[in-house]
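Enquirer: Curious how this folds, go ahead:
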Amino acid sequence: MIKGYLANGLFGLGDRLVNELVAKAVRQTIPGVVLYVPQENGAINDKTAFANSEQIAAADLDALKNSDFLIAVIDGVEIDSGVAAEIGAYSMLNRPIFALFTDSRQQGRDHEKKINALIQDAVENQFVYRNLFVVGLIKQNGVVTSSIEQLTEALTTHFSP
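Expert: I've put the predicted structure just below:
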């Protein structure tokens, strides 16, 4: 049985919907996968109830330790602090990390006018930045994908017999 962990923010509607889409795609791609999605864990994430920081950390760390792979959504203005912490903790296990980064500013990276604008004026940066330490942790044992389709292709390639 393959176990996975889906790391992303979970408090806003957008994040919860992305988590549902990604979880559905992963579950279709790897039949029988046991995928831990923190927002599905009502014991610690039902915000009408109570769980303290130690209970949340224990539940999520237990799921991370028992996972065969991590999916980390690294979208947003910054990588979500919880996701960055999950990547850091998981990287110590030397197991595969599949990051999903869908920011549209990845497009046109070779556009000469964009490059020249950046060279002339650093605040004209039309590109995107991710924390290089966190990206390095992902790349040590994994890959950064730019769509759910690329993510499922990477999972298929990794888990194919």
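Enquirer: Contacts for the lengthiest helix in the chain, please.
Expert: Longest among the helix segments of the chain by residue count, using DSSP state H, is helix 13-29. Contact with helix 13-29 is made by 4, 6, 8-10, 33, 35, 37, 39-40, 71, 73, 75, 80, 100, 148, 151-152, 155-156, as judged by CB atoms under 8 Å, 6 or more residues apart in numbering. C-beta coordinates here come from the backbone N, C-alpha and C atoms, glycine included.
Enquirer: What is the subsequent helix or strand relative to it?
Expert: Where DSSP states H and E defines the elements, the next helix or strand beyond helix 13-29 is strand 34-36.
Enquirer: List the buried residues of that next one.
Expert: Residues of strand 34-36 classed as buried: 35-36 (neighbour count, 16 or more other CB atoms under 10 Å).
Enquirer: What helices and strands are in contact with that strand?
Expert: Applying 3 or more CB pairs under 8 Å, 6 or more residues apart in numbering; DSSP states H and E, we find strand 34-36 packed against strand 3-7, helix 13-29.
Enquirer: could you dump stretch 48-58 to CSV, C-alpha only?
Expert: Output of stretch 48-58 as CSV, limited to C-alpha atoms (Å, rounded to 0.1, in the frame of the first residue of the first chain):
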residue,chain,number,x,y,z
THR,A,48,-15.3,24.8,15.2
ALA,A,49,-13.5,22.4,17.6
PHE,A,50,-10.2,22.7,19.4
ALA,A,51,-6.7,21.2,18.7
ASN,A,52,-3.6,22.8,20.2
SER,A,53,-0.3,23.2,18.4
GLU,A,54,1.2,20.0,19.8
GLN,A,55,-1.8,17.9,18.7
ILE,A,56,-1.6,19.4,15.2
ALA,A,57,2.2,18.9,15.0
ALA,A,58,1.9,15.3,16.2
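Enquirer: That stretch: how far from the chain's middle?
Expert: 21 Å (CA atoms, centre = their mean, to the nearest Å).
Enquirer: Likewise for stretch 109-123?
Expert: Stretch 109-123 has its average C-alpha position 28 Å from the chain's average C-alpha position, going by CA atoms, centre = their mean.
Enquirer: Name the surrounding residues that touch that stretch.
Expert: Stretch 109-123 has contacts (CB under 8 Å, 6+ apart) with 108, 124-127.
Enquirer: Could you list the low-pLDDT ranges of this structure?
Expert: Residues of the chain that meet the criterion pLDDT under 70 lie in 104-108.
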